[in-house]
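A.B. asks: What follows is a predicted protein model with its sequence.
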Amino acid sequence: MSDTELLLREFGVGANYKGYQRTIMAIELAIEHEEFLCSVTKDIYLRIAKENDCTWSAVERNIRTLISRIWINPQNRIKLNRIAGYELQKSPTVTEFIDILSNYLRKKQTKSK
């Protein structure tokens, strides 16, 4: 199980959400290509949509649903604030969420090398 999968499972979400695999793919793309965060629709959503035979808007919606599921749990908010390094006033956008988790995991990978 990858670090990305383990982190999402810590938030209490799993493969029973369509957005689970798509979120993993998005975060891992952002870890490998940080510049993709500047054009998420083109560089992340469209790539994932092609691989999953769906639209880019379905990818975005599925990830947004997963984020909503995470956000409703107060303990998850605390954990997400800690990972982000600042207090989130509202549920993060998909781009913010991908940025927060990919940055956290990228730093974690760098430290373990």
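C.D. replies: In hand now; what should we look at?

A.B. asks: what mean pLDDT does stretch 87-107 have?
C.D. replies: The average of the pLDDT scores along stretch 87-107 is 97.

A.B. asks: what do you get for stretch 62-70?
C.D. replies: Per-residue scores along stretch 62-70 average to 98.

A.B. asks: what's it in contact with?
C.D. replies: 8, 11-13, 17-20, 22-23, 26, 76, 80, 91-92, 94, 97-98 (Cβ atoms under 8 Å, 6 or more residues apart in numbering). Backbone N, C-alpha and C define where each C-beta goes, glycine included.

A.B. asks: let's see it at 10 Å
C.D. replies: 8, 10-13, 17-23, 25-27, 44-45, 48, 52, 54, 76-77, 79-80, 91-98 (Cβ atoms under 10 Å, 6 or more residues apart in numbering).

A.B. asks: Check stretch 30-44 too.
C.D. replies: With Cβ under 10 Å, 6+ apart, stretch 30-44 has contacts from 3-4, 22, 25-27, 29, 45-47, 49, 56-57, 59-60, 63, 93-96, 98-99, 101-106, 108-109.

A.B. asks: mind listing what the residue sitting nearest the centre point of the chain touches?
C.D. replies: The centroid of the chain falls nearest to I98 when counting by Cα atoms, centre = their mean (3.8 Å). By Cβ under 10 Å, 6+ apart, I98 lies in contact with 23, 26-31, 36-37, 40, 44, 63, 67, 92.
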